[in-house]
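Enquirer: Sequence and predicted structure below; questions after.
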Amino acid sequence: MDKSNYQRTVLSNGLRIVTEFIPHVRSIAIGFWFDTGSRDEVEDYSGIAHFLEHMNFKGTSKRSAGQIAREIEGRGGILNAFTSKEVTCYHARVVDEQTARAVDVLSDITHNSLFDPKEIDRERDVILEELKNVEDTPDDLVFEHFMSQVYPNHPLGRPVLGNTQSLQTIHNDNLLEFCTQTYHGKRVVIAAAGRLNHKRLVRMIEKRLGNTLGIDQRRISPVTPEPINQRQDLHTATQQAHIVWGCRGLSYSDQRKYVLFILSTLLGGGMSSRLFQTIREKYGLAYSVYSFMDNYQDSGLFGIYAGTQPERAEKALKLIRKEIHKLVAHPVSARELQRTKDQLKGNIVLGLESPNSHMHRLAKMEILTGKWVPIDDVITQIEAVTSEDIQLIAKELFEEQALFTTVLWPN
């Protein structure tokens, strides 16, 4: 991508605006990103970041909940939001002529919400239903238990949704305080991609949010666990045994993440991966088997998921560990390495076919590293990975630190 298509502006209050001009589209994807998520919560108010996200759609001094939805969707656009461990994002996709409207709506809902107590009680019930939905979905629930095992006694190990007890403690004053502390100034990144004019967008945002100020807060990094392998076996109403095996991974700023991207793709990224070919194709043990990784600000996660019949679970685990051992003990062949690189590069390029993908990438880089990396540089980093690099990272992750296993069994 032409570097001139990327632009960055920092307002006097620390709010950052990053954009990427994509000339061949007629739309814009814009996100108001807040550098706060469930890891910034105290335990008594677990789930408050996600609760706040919900409440910001329930009415402002300017718009009712219905008007908020119609402002964007009534003109063919899309309005949505999400909360994760480290960020909260409100985003819209609109035709380019509706850019000012999208900025106005997103500014309004993130800074002028009313937090009506009646709406809070109603939305609490909605989130409690959302929580029950996770509990009724075993391949989601197993990940919640796995995270609590990998990050014990730390907010990263708690569910983004919170829990039944903590949700009952959240009220109007708590939401206002959390919003005041986290939704302003240096903790805000506004990212946009598509057919846009950077200077015009900056003026729109500065007019609405240029005077907002906030309180800087320092995150607590998770303590490194003792290198002792751990396993937890749990039971719920399910037909399958759901397995998650994994360990701490790498932070987003760790350049070795490109090595881990390749390792993950080779091991469990798609139909051609080792795990799919072994566990599903050769032995028929699972319909779904894959590897995954998350990169946080100061930590990370790597793991493998498989769902199988209870009587086959231990065999599936044995095969997973066998494939892991192969990565540590034997170098990847030049042919397999290049094939995996080509697969990963293709996935990255195809994943950036929409302005929405570009917008997400802009924001994530700005929040986690404070700099922009062109796609060509990412491709160069991937091509530079060697078989020895993969063995080294496999040895570090899978032999020198704690490994965690969570199995969710049928009752």
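Expert: Thanks, I have the structure now. Numbers count the residues shown, from 1 in each chain.
Enquirer: Run through this structure and note the low-pLDDT ranges.
Expert: For the chain, the stretches with pLDDT under 70 are 1-4, 213-219.
Enquirer: what about residue 155, neighbour count?
Expert: 21 (other Cβ atoms under 10 Å). Where C-beta positions appear, they are placed from N, C-alpha and C, glycine not excepted.
Enquirer: For residue 393, see how far away residue 382 is.
Expert: 14 Å (Cβ to Cβ, to the nearest Å).
Enquirer: Of those two, give the one with the bigger neighbour count.
Expert: Using other Cβ under 10 Å, the more surrounded residue of residue 382 and residue 393 is residue 393, with 22 against 19.
Enquirer: wait, doesn't residue 388 sit right on residue 334?
Expert: No - using Cβ atoms under 8 Å as the test, residue 388 is too far from residue 334 to be in contact (11.8 Å).
Enquirer: Quickly list what's touching both of the two.
Expert: Here residue 388 and residue 334 have no joint contacts, going by Cβ atoms under 8 Å, 6 or more residues apart in numbering.
Enquirer: Nearest spatial neighbour of residue 389, chain-adjacent residues omitted?
Expert: Once flanking residues are discounted, residue 389 sits nearest to residue 259: 4.6 Å by Cβ to Cβ, 6 or more residues apart in numbering.
Enquirer: ranges for the strands of the stretch 201-350 of the chain?
Expert: 230-236, 241-248, 286-295, 300-308 (DSSP state E, counting those that start in this stretch).
Enquirer: For residue 113, find the nearest of those strands.
Expert: With Cβ to Cβ, the closest approach to residue 113 among those belongs to strand 286-295: 29.1 Å.
Enquirer: Next, the angle from that closest one to strand 241-248.
Expert: 20 degrees (axes from the mean of the first three to the mean of the last three Cα atoms, to 10 degrees).
Enquirer: if we can go back for a sec, with distance to residue 317 and mean neighbour count added, can I get the strands of the stretch 201-350 of the chain in a markdown table?
Expert: Formatted as a markdown table, the strands of the stretch 201-350 of the chain follow (distance: least, Cβ to Cβ, whole Å; neighbours: other Cβ atoms under 10 Å):
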| stretch | distance to residue 317 | mean neighbour count |
| --- | --- | --- |
| strand 230-236 | 9 | 13 |
| strand 241-248 | 6 | 23 |
| strand 286-295 | 11 | 18 |
| strand 300-308 | 8 | 23 |
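Enquirer: just so I know, which of these lies nearest residue 80?
Expert: strand 286-295 (20.7 Å).
Enquirer: can you tell me which residues contact the residue nearest the centre of the chain?
Expert: Taking Cα atoms, centre = their mean, the centroid of the chain lies closest to residue 84, which sits 5.6 Å from it. Residue 84 makes contacts with 37-38, 160, as judged by Cβ under 8 Å, 6+ apart.
Enquirer: again, 6 Å this time
Expert: residue 37 (Cβ atoms under 6 Å, 6 or more residues apart in numbering).
Enquirer: cool, and residue 136?
Expert: By Cβ under 6 Å, 6+ apart, residue 136 has no neighbours at all.
Enquirer: ok, now how distant is it from residue 234?
Expert: Applying Cβ to Cβ to residue 136 and residue 234 gives a distance of 15 Å.
Enquirer: How many neighbouring residues does residue 67 have?
Expert: Count around residue 67 with other Cβ under 10 Å applied: 14.
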